[in-house]
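*Asks:* below is the structure, and that's it, no one-letter string:
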């Protein structure tokens, strides 16, 4: 078994895989959960931003050093926000691949197996993780990406029994994303416990101890179940919290890894790959325990609030390791040293992942380069808002604007850098995690409903009640509003 410390890390190859991963998976810095995480960065850099609605992102920001870390790096380097985010995103991909390269060197003896794992993971960065609404790595910078790379480094150090280094990586993961770090911590403890009991051939005790270890993660928290209709409405916007609402193939994706790791473990034992054997055994226990936890907190209706702890987000780490091991085995036994075999596997895989990403963001450039004018008309309007409206302006939009065709889940707060009333997509996610926000969220959403029937008087009511001074409306707009900006998709209008 090769010792990773004795091998010179091929940084140039890893950088190549990083660039190819960017070209395949794309980059959308203001998409999806960027609407949750970036406003915290922007408010640190410009404290006058977001005089209204900040509670919907500040709750998340209070639990992570992510906004402070990114803002500090931008101040030190004097990079513009878009350039800084792009550098951080590239660094996140590179460091994740570096972590995987190191871990695969602990698991496999050959270079082809080692690179098989790295290349497969790089090709599948944006593959969905069962029904969790997560990817291996998102197409934009966020705390999960940083926690993911720290997780792999921590697992490697745990396998090497360098527990202080593992603790430091776990501490970093916990500082940027406490929930995801809890799963990683439980798995690293599980590795130690499993190794201890397996060495004594006591598998039953290992499973029992593993249940206690995994229960150490977020599920021991005492939570007061919120029972309001507002909270329930927010929870139902996030069906991925509830496994009984997953499709059958998503549910299969939660349990099929058990059989795969059993198979991988048999291969590892036959070849006396002890570290891989240990890892597969621990992953089976990890998968079983968290699946049972998901059923416990999900199926009984009285535990609705506990479902927001999302036990099956444990699958994120599991899928990372699944594809790393799978790629290693493919490299070792199938691809070997035949270049045509590598091309035959990875070329169609890369094309398929590229097509999937284009279907997710059809109205946007595949890679939204820093400083480039956006192709998406909604993003164009949001940039106009940033450059031409008062900093203290409060906006109203369709509460479900991020799900509209052609909007491509572009965040308004993070791109326009302006306050808006609560929405159905991202602010409901904040409500599921922080129930005291529910009533305020529901009131604002209802005040904007039914949006498609709004007229001038309805906007005047929003101004009187919430101080709304501007609105972004779809074409052909609303009669009676003064709209200094418009494009083929939307108008930006003053509220009289």
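*Replies:* All right, it came through fine. Bear in mind that the values here come from a model prediction, so they are computed numbers and not experimental data.
*Asks:* hang on, residue 471 in a strand?
*Replies:* Yes: checked against DSSP: H, G, I helix; E, B strand; the rest coil, residue 471 lies within a strand.
*Asks:* separation between residue 338 and residue 47?
*Replies:* Distance from residue 338 to residue 47, counting by CB to CB, to the nearest Å: 58 Å. (Each C-beta comes from the backbone N, C-alpha and C, glycine too.)
*Asks:* which one of those two has more residues nearby?
*Replies:* residue 338 (11 against 8; other CB atoms under 10 Å).
*Asks:* any chance of the backbone angles for the more buried one?
*Replies:* Dihedral angles of residue 338 (phi, psi; degrees, to the nearest 10) stand at phi -100, psi 110.
*Asks:* which element follows the worst-scoring helix or strand of the chain on mean pLDDT toward the C-terminus?
*Replies:* The weakest-scoring helix or strand in the chain, judged by mean pLDDT, DSSP states H and E, is helix 203-214 (a mean of 51). Using DSSP states H and E, the helix or strand that follows helix 203-214 in sequence is helix 229-235.
*Asks:* following element in sequence after that following helix, please.
*Replies:* Next in sequence after helix 229-235, counting helices and strands by DSSP H and E, comes helix 248-270.
*Asks:* elements contacting that next one?
*Replies:* helix 274-298, helix 314-330 (3 or more CB pairs under 8 Å, 6 or more residues apart in numbering; DSSP states H and E).
*Asks:* residues making contact with that helix?
*Replies:* 129-131, 243, 246, 273-274, 276-277, 280-281, 283-284, 287-288, 291, 294, 312, 315, 318-319, 322, 325-326, 329 (CB atoms under 8 Å, 6 or more residues apart in numbering).
*Asks:* can you check stretch 360-369 too?
*Replies:* 22-23, 26-31, 86, 139, 354, 357-358, 372, 374-379, 406-410.
*Asks:* go again with 7 Å.
*Replies:* Contact with stretch 360-369 is made by 22, 26, 27, 28, 29, 357, 358, 374, 375, 376, 406, 408, as judged by CB atoms under 7 Å, 6 or more residues apart in numbering.
*Asks:* next: stretch 21-35.
*Replies:* Counting by CB under 7 Å, 6+ apart, 38, 82, 85-86, 89-90, 93, 122-123, 125-126, 138-142, 350, 353-354, 357, 361, 364, 366-368, 408-411, 413-415, 426 sit against stretch 21-35.
*Asks:* out of those residues, which are inside helices?
*Replies:* 38, 82, 85-86, 89-90, 93, 122-123, 350, 353-354, 357, 413-415, 426 (DSSP state H).
*Asks:* need phi/psi at residue 33.
*Replies:* With angles defined as degrees, to the nearest 10, residue 33 sits at phi -70, psi 0.
*Asks:* for it, the count of nearby residues, please.
*Replies:* Neighbour tally, residue 33, other CB under 10 Å: 21.
*Asks:* ok, residue 403 touching residue 426?
*Replies:* No: using CB atoms under 7 Å, residue 403 is not in contact with residue 426; the gap is 10.7 Å.
*Asks:* good, we can wrap up now.
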